[in-house]
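> Here is the input, now give the coordinates:
(one chain, ligands or ions: 1)
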Amino acid sequence: MKLILFGPPGAGKGTQAKKISSHYDIPHLSTGNIFRYNIKNQTELGKKVKSILDAGELVSDETVVALVVDELQHDKYDNGYILDGFPRTIPQAKALDEHLASQDDSIDLFLTLSVPQEELIDRILSREEGRSDDTPEKIKTRLEVYSNETEPVLNYYKKKGIVKEINGMGSIDEIFERIKTELDKIS
Ligand code: AMP
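Here you go, the predicted structure:
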């Protein structure tokens with residue numbers, strides 16, 4: 001099962017991806033988590049992307065695509081995965097497609113979590129991870145970046161007919177039940 005979990009910042013992608021990962025026993029690949037890990041450990045990649053994450057902007061397509069393509073080579077992804085936070089631009093989506101097509105592969109399902117904008121801001125401000133980009137000003141930038149650069153990715157996958165929209169309002173478990181209903185149809 002190869003999935004993309006999509007939605008605006010604060011929609012609950014990370015939380016739901018973790019639940020999907022443990023329930024279906026498939027790895028969770030979060031580009032944001034990889035960047036934060038590299039920043040924390042002060043690697044070359046971390047030094048390169050720190051100011052970009054702090055500003056709430058996007059890391060270059062070239063860097064992100066190289067990172068994901070490299071990561072997907074590991075055996076642990078052979079039986080499926082959940083992509084969280086990638087692809088976030090049309091060029092990233094196209095690069096992912098090309099990479100998968102070169103291996104006669106493709107994404108099975110694109111789940112998009114829908115949550116109203118006011119709720120997103122409240123959720124981000126109340127999360128306790130202490131992320132440096134979870135401040136009102138950075139949230140505004142991230143939501144703008146989402147609507148300008150990331151939202152078009154939804155239409156790109158709609159044209160492929162693999163999109164399922166999930167109501168992202170309600171408790172974590174209620175939302176997960178909705179996701180499971182869709183995943184159980186294809187697994
Ligand atoms: P996330 O944890 O998915 O909210 O990502 C946190 C930050 O990491 C984003 O605001 C971007 O700065 C960066 N990032 C994560 N994934 C991507 C991506 N696919 N393309 C560009 N930047 C990304």
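
> correct me, but residue 123 touches residue 9?
No: using C-beta atoms under 8 Å, residue 123 is not in contact with residue 9, being 9.1 Å away. Heads up, the C-betas are built off the backbone N, CA and C, glycines and all.

> who has more neighbours, those two?
Neighbour count, other C-beta atoms under 10 Å: between residue 123 and residue 9, residue 9 has more, with 23 against 17.

> Could I get the buried residue list for stretch 176-186?
Within stretch 176-186, the residues that count as buried by 16 or more other C-beta atoms under 10 Å are 176, 178, 179, 183.

> what pLDDT does the closest residue to residue 97 other than its chain neighbours get?
Nearest residue to residue 97, sequence neighbours excluded (C-beta to C-beta, 6 or more residues apart in numbering): residue 106, at 7.5 Å. Looking at residue 106, its pLDDT reads 96.

> Now for the chain, the helix or strand with the poorest mean pLDDT.
Of all helical and strand segments in the chain, the minimum by mean pLDDT, DSSP states H and E falls on helix 117-126, at a mean of 92.

> and the residue of the chain at minimum distance from the ligand, what helix or strand is that in?
Relative to the ligand, the nearest point of the chain is residue 32 (1.9 Å; C-beta to the nearest ligand atom). Element membership of residue 32, judged by DSSP states H and E, is helix 31-40.

> So what does residue 164 look like in phi/psi?
Per-residue torsions, residue 164: phi -120, psi 130 (degrees, to the nearest 10).
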